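Student: Sharing a sequence plus its predicted fold:
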Amino acid sequence: MTELLRTEDLSKAFGHFIAVDSVTINFTMDTLTSIIGPNGAGKTTLINLLTGSLPMDSGRIFFKGEEITKIPTNERVKRGIGRSFQIMNIFPMLTVFQNVQIPVLSLLNKSLKFFSRLDAHREVINEVERISKEVGLWDKREVLAGELSHGDQRLLEMSIAIASQPELCFLDEPTSGMNPRERVKILENIRRLSKERRTTFIIVEHDMDVVFSLSDRIVVMHRGGIIADGKPDEIKENQNVKEVYLGEELEEEII
Ligand SMILES: Nc1ncnc2c1ncn2[C@@H]1O[C@H](COP(=O)(O)OP(=O)(O)OP(=O)(O)O)[C@@H](O)[C@H]1O
Ligand SMILES: [Mg+2]
């Protein structure tokens with residue numbers, strides 16, 4: 001399987017607290033991976049290191065074989081690494097359309113130089129329309145992002161993340177705070193987009209139904225380290241995972 005991203009001994013401490021502890025991991029193309037673990041396990045911090053939102057203390061990161069350890073976030077985005085945030089990251093005073101337009105503009109910025117102004121404008125609108133329709137927000141394109149339901153705001157976040165056409169896209173708790181209907185919608189989107197768009201998703205998620213129904217691979221973090229890594233069936237049976245983290249929840253809900 002083609003390797004997309006790989007780390008070597010990635011570490012990050014906040015003061016004396018080690019949030020990510022010497023993590024060596026690789027993510028391959030077209031494998032939908034969920035990162036799970038209890039609160040404070042280091043999941044968001046790991047994503048922050050991989051996307052460049054936080055500086056690491058030590059370790060190395062490679063994307064498609066090239067070292068990106070010291071490369072800033074915007075450059076990582078250009079190379080094909082996208083993300084959504086655990087905490088909402090939209091512009092509430094802008095419309096849905098405008099929110100999606102921003103990353104589309106920044107992506108097309110280069111190529112638009114070769115178009116006439118009118119063609120460039122049309123190109124941007126077409127792309128925003130395509131993405132908004134894909135996630136089911138086109139009908140709400142004129143609505144201010146701040147006035148959307150929570151579920152639609154999270155869909156918008158996802159649209160923003162995929163607008164940069166990432167090859168690898170991290171979604172941090174994409175279903176948090178959603179009702180069951182909204183949850184189904186976002187999961188369908190993740191599934192479909194994984195198939196159609198040549199985007200490989202890595203999601204952080206607490207909902208075990210979501211994790212086990214969606215994932216090809218599950219990585220379990222605990223106290224900054226990886227304690228298990230495998231297919232959903234293997235993780236279900238993993239004694240470490242049962243003891244250290246999921247325990248009863250897994251037995252009751254999944255097995
Ligand atoms: N900027 C920061 N400064 C100090 N400590 C931090 C900072 N960010 C995270 N931490 C600490 O690092 C640990 C890991 O946090 P992180 O947010 O990565 O966990 P998580 O696995 O994403 O948890 P959750 O499931 O609650 O989102 C936590 O104990 C957290 O308090
Ligand atoms: Mg988190």
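Tutor: Thanks, I have it. Ligands and ions are numbered 1, 2, ... in the order given.
Student: alpha carbons only for contacts and neighbour counts from here, please
Tutor: Will do.
Student: Can you give the contact residues for the helix or strand containing Leu171?
Tutor: Here Leu171 sits within strand 168-172, counting by DSSP states H and E. Defining contact as CA atoms under 8 Å, 6 or more residues apart in numbering, one finds that strand 168-172 is touched by 4, 29, 44, 47, 80-86, 158, 161-162, 199-205.
Student: ok, what's across the strand from Ile202?
Tutor: Following DSSP bridges, Ile202 is listed with bridge partners Thr33, Phe170.
Student: right, and it touches Met29 too?
Tutor: No: with contact defined as CA atoms under 8 Å, Ile202 does not count as touching Met29 (10.5 Å).
Student: Looking at those two, which is more packed in?
Tutor: More neighbours surround Ile202 than the other of Ile202 and Met29, with 22 against 17 (other CA atoms under 10 Å).
Student: Could you list which residues are in contact with the more buried one?
Tutor: Counting by CA under 8 Å, 6+ apart, Ile202 makes contact with 32-35, 168-171.
Student: Spell out which parts of the stretch 1-150 of the chain neighbour ligand 1.
Tutor: With CA under 6 Å from any ligand atom as the criterion, the stretch 1-150 of the chain meets ligand 1 at residues 14, 19, 38-45.
Student: just the stretch 151-255 of the chain next, same as before
Tutor: Contact residues, the stretch 151-255 of the chain versus ligand 1 (CA under 6 Å from any ligand atom): none.
Student: Select from the residues of the stretch 1-150 of the chain next to ligand 1 the one having the most neighbours.
Tutor: In terms of neighbour count, Lys43 stands highest of these at 27 neighbours, by other CA under 10 Å.
Student: So which residues of this protein form strands?
Tutor: Applying DSSP state E to the chain gives strands spanning 3-14, 17-23, 26-28, 33-36, 58-63, 66-67, 81-84, 168-172, 200-204, 217-222, 225-230.
Student: which stretch in those strands has the least confidence?
Tutor: Lowest mean pLDDT within the strands of the chain: strand 81-84, a mean of 86.
Student: Phe91: which of the contacts of Ile202 is nearest?
Tutor: Proximity of the contacts of Ile202 to Phe91 was ranked by CA to CA; the top entry is Leu171 with 18.0 Å.
Student: Distance of that closest one relative to ligand 1?
Tutor: Between Leu171 and ligand 1 the computed distance is 12 Å (CA to the nearest ligand atom, to the nearest Å).
Student: Next, count neighbours for that residue.
Tutor: So Leu171, with other CA under 10 Å, has 23 neighbours.
Student: any chance you could map the helices in the stretch 51-200 of the chain?
Tutor: Using DSSP state H, counting those that start in this stretch, the helices of the stretch 51-200 of the chain run over residues 73-79, 96-112, 117-135, 150-163, 180-196.
Student: deepest of those helices, which one?
Tutor: Mean neighbour count (mean count of other CA atoms under 10 Å) peaks for helix 150-163 among the helices of the stretch 51-200 of the chain, with a mean of 24.
Student: Show me the two of the contacts of Ile202 that sit farthest apart.
Tutor: Spanning the widest gap among the contacts of Ile202 are Ile35 and Leu168, at 14.3 Å by CA to CA.
Student: low-confidence ranges in the protein?
Tutor: Along the chain, segments meeting pLDDT under 70 span 85-88, 110-117, 197, 245-255.
Student: Fine by me, thanks again.
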